[in-house]
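>>> no FASTA, just this:
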């Protein structure tokens, strides 16, 4: 990354209270089609953290009724864990997704002693030593690790989902100034090629995503921050 940007980032991060900061954020949900990009719904993110750094991180997303003929979707995720000495420890992750009136995903995964991940469908996977995250808590892990290592350009995590535990590589591609609703935001761009996921992590918002781009099969979905608030 640009050296001057790393310096600015390092100075800004030095005054942060701690990595895991509770917040609520609302996003507009867009879908990109050959006919253009359309705002089809919304998403809500909520991070609760107690005094012992135990967290409950949830998301909910759905399409508006007007667009359900094009894409009828609703879903929720929950990630539970804790932060210990700057390291994220996931203990539970669940997903529920409905598409077109049918349940497409409905599972939970429990992590036992950081050594095994057990799915609600009975599958069990061994976990290697190192950081284990889920598809939601990886946002928190990136926030923590980039704050600790602002000049690092590659982060590798074990990511667990219904298919098992796989190593995923997240690449810091640089920085980008975004203008969202006439508000300029300095962001760090992070890309995960295997997940077909690109994140813009905002310095002002404690390195939480303000722009999320995810390709699902042949369709690109985009989340753009609408509002963000932390406890006063």
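Looks like it came in fine. Given the structure is predicted, the values throughout are model-derived calculations rather than measurements.
>>> What about residue 106, how many residues nearby?
The local packing of residue 106 (other C-beta atoms under 10 Å) involves 13 other residues. Using the backbone N, CA and C atoms, a C-beta is placed for each residue, glycine as well.
>>> Next, the buried residues of stretch 217-232.
By neighbour count on 16 or more other C-beta atoms under 10 Å, the buried set for stretch 217-232 is 220-226, 228.
>>> Sort the residues you listed by pLDDT and name the bottom one.
Of all these, residue 220 has the smallest pLDDT value, namely 90.
>>> Quickly find the element holding the residue nearest to it when sequence neighbours are not counted.
Counting by C-beta to C-beta, 6 or more residues apart in numbering, residue 32 is the residue found nearest to residue 220 once chain neighbours are left out, at 4.2 Å. Assigned by DSSP states H and E, residue 32 belongs to strand 23-33.
>>> Can you mark which positions in stretch 128-147 are buried?
By 16+ other C-beta under 10 Å, the buried positions in stretch 128-147 come out as 131-147.
>>> Let me know the pLDDT of residue 57.
98.
>>> Please enumerate residues in contact with the helix or strand encompassing it?
Applying DSSP H and E as the criterion places residue 57 in strand 54-63. With contacts defined as C-beta atoms under 8 Å, 6 or more residues apart in numbering, strand 54-63 is touched by 20, 29, 40-49, 70-83, 136-137, 139-140.
>>> neighbouring strands for it, and are they parallel or not?
The strands that strand 54-63 pairs with in its sheet are strand 36-49 (antiparallel), strand 73-84 (antiparallel) (by DSSP bridges).
>>> just the angle between the shortest one and strand 23-33, please?
Right, strand 73-84. Interaxial angle of strand 73-84 relative to strand 23-33 (axes from the mean of the first three to the mean of the last three C-alpha atoms, to 10 degrees): 140 degrees.
>>> how far out from the middle of the chain is strand 73-84?
Centroid separation for strand 73-84 versus its chain: 9 Å, with C-alpha atoms, centre = their mean, to the nearest Å.
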